[in-house]
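Chemist: return atomic coordinates for the entry below.
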Amino acid sequence: MVHFLSLSSGSNGNCYYFGNGRTAFLIDIGIGARTIKKRLAENGLSIDSVDAVFVTHDHFDHIKSLGTFTERFQKPVYLTRTLERALRRNFCTAGKLQGCVRFLKEGCEHELLDELYITPFIVPHDATQTVGYHFLYGGERFTVMTDLGEVTDEAVHYASKADHLVVESNYDVDMLMTGSYPPMLKSRILQGHGHLSNDQTASLLRRACHEGLRDVYLCHLSANNNTPSLAYESAEKTLVSLGSRASLHCLPRSCASELFTFQESFVLL
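Modeler: Alright, predicted model coming up:
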């Protein structure tokens, strides 16, 4: 069985678990190790089983506890050279990753953990650098894009290869424009290197949806400018219009999701 668990998803912190009983890894560590341990244990999983950590970008809500986690558990941390240079200077991670860094090259597939084939790809976001991840794991294909400001051809390409798609649906345009955020912050969110609106996520689904798409997980919903029902309704309308049978889920912001389980299937590469 391949397991997926969102441990936290949003500006309060991001952390996603993938495992199959033999290997396991996390994408981002934006919440504390004790919280990770507790939420894994509540689902019958052990923090000691985690073999590696992958980093998407250097914003606080994605790396807040990466340094302390690495110092404590000494797990390999996979990231691009650009991100490694940025994390050397970041107060969350400076001096805390020695001996644990492993480099990934953008756009290249890497075979890791004996069972994981993973490709980082660039997405537009206002961090030093931001990557999404596409990976084959236990015969299941996943694409994870937690933060991106616009729908690019590359994002569509990797989304269209996924059996299971994790993609942000950050804000509702009307809620953002009539809300209390200052104009500068609204501009940052809207300007193409911020976050995806529900409408933009729907447009990505229109371009990337395919017969093999089985699950869509909407992540990184704004607490102030979105609701799970608005995000869900926007994506559902698109999927229904395309005749898709994919299951749709909104990942919670401040707690763990349910544990999603997929039967392992093995394919020829």
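
Chemist: and the gap between residue 124 and residue 17?
Modeler: Between residue 124 and residue 17 the distance is 26 Å, computed by C-beta to C-beta, to the nearest Å. The C-beta positions use only the backbone N, C-alpha and C, and glycine is treated the same way.

Chemist: higher neighbour count, those two?
Modeler: Looking at residue 124 and residue 17 with other C-beta atoms under 10 Å, you find the greater number of neighbours at residue 17, namely 24 against 18.

Chemist: mind listing what that one touches?
Modeler: Remark: with contacts taken as C-beta atoms under 8 Å, 6 or more residues apart in numbering, residue 17 is in contact with 3-7, 24-26, 40, 45, 50.

Chemist: quick one, phi psi at it?
Modeler: Main-chain dihedrals, residue 17, degrees, to the nearest 10: phi -110, psi 140.

Chemist: also the one 5 residues further on?
Modeler: The phi/psi pair for residue 22 (degrees, to the nearest 10) reads phi -120, psi -40.

Chemist: tally of neighbours for the nearest residue to residue 108 once chain neighbours are set aside?
Modeler: Take residue 108 and drop its neighbours on the chain: the residue closest to it by C-beta to C-beta, 6 or more residues apart in numbering is residue 119, 6.6 Å away. Look at residue 119: counted by other C-beta under 10 Å, it has 20 neighbours.

Chemist: same check, this time on residue 120
Modeler: 27.

Chemist: can I get the helix or strand hosting it in PDB, CA atoms only?
Modeler: In this assignment (DSSP states H and E), residue 120 forms part of strand 116-122. The C-alpha trace of strand 116-122 is given here as PDB (Å, rounded to 0.1, in the frame of the first residue of the first chain):
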ATOM      1  CA  LEU A 116      11.200   6.400  -5.800                       C
ATOM      2  CA  TYR A 117      11.700   8.100  -9.100                       C
ATOM      3  CA  ILE A 118      11.300  11.800  -8.500                       C
ATOM      4  CA  THR A 119      11.600  14.900 -10.800                       C
ATOM      5  CA  PRO A 120      11.700  18.500  -9.400                       C
ATOM      6  CA  PHE A 121      10.400  21.200 -11.800                       C
ATOM      7  CA  ILE A 122      10.300  25.000 -11.600                       C
END
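
Chemist: please, which helix or strand holds the closest residue to residue 27 other than its chain neighbours?
Modeler: Leaving aside its chain neighbours, residue 27 sits nearest to residue 16 (4.4 Å; criterion: C-beta to C-beta, 6+ apart). Using DSSP H and E, residue 16 sits in strand 15-19.

Chemist: neighbouring strands - and their directions - for the very next helix or strand once past that strand?
Modeler: Past strand 15-19, heading to the C-terminal end, the next element that is a helix or strand (DSSP H and E) is strand 24-27. The sheet places strand 24-27 alongside strand 15-19 (antiparallel), strand 52-54 (parallel), with pairing taken from DSSP bridges.

Chemist: ramachandran angles for residue 167?
Modeler: Backbone torsions for residue 167, taken as degrees, to the nearest 10, come to phi -140, psi 140.

Chemist: who's in contact with it?
Modeler: By C-beta under 8 Å, 6+ apart, the neighbours of residue 167 are 143, 145, 159, 196, 201, 204, 216-219.

Chemist: counting neighbours, what do you get for residue 252?
Modeler: Should you count by other C-beta under 10 Å, residue 252 turns out to have 17 residues around it.

Chemist: with that, I have no additional questions.
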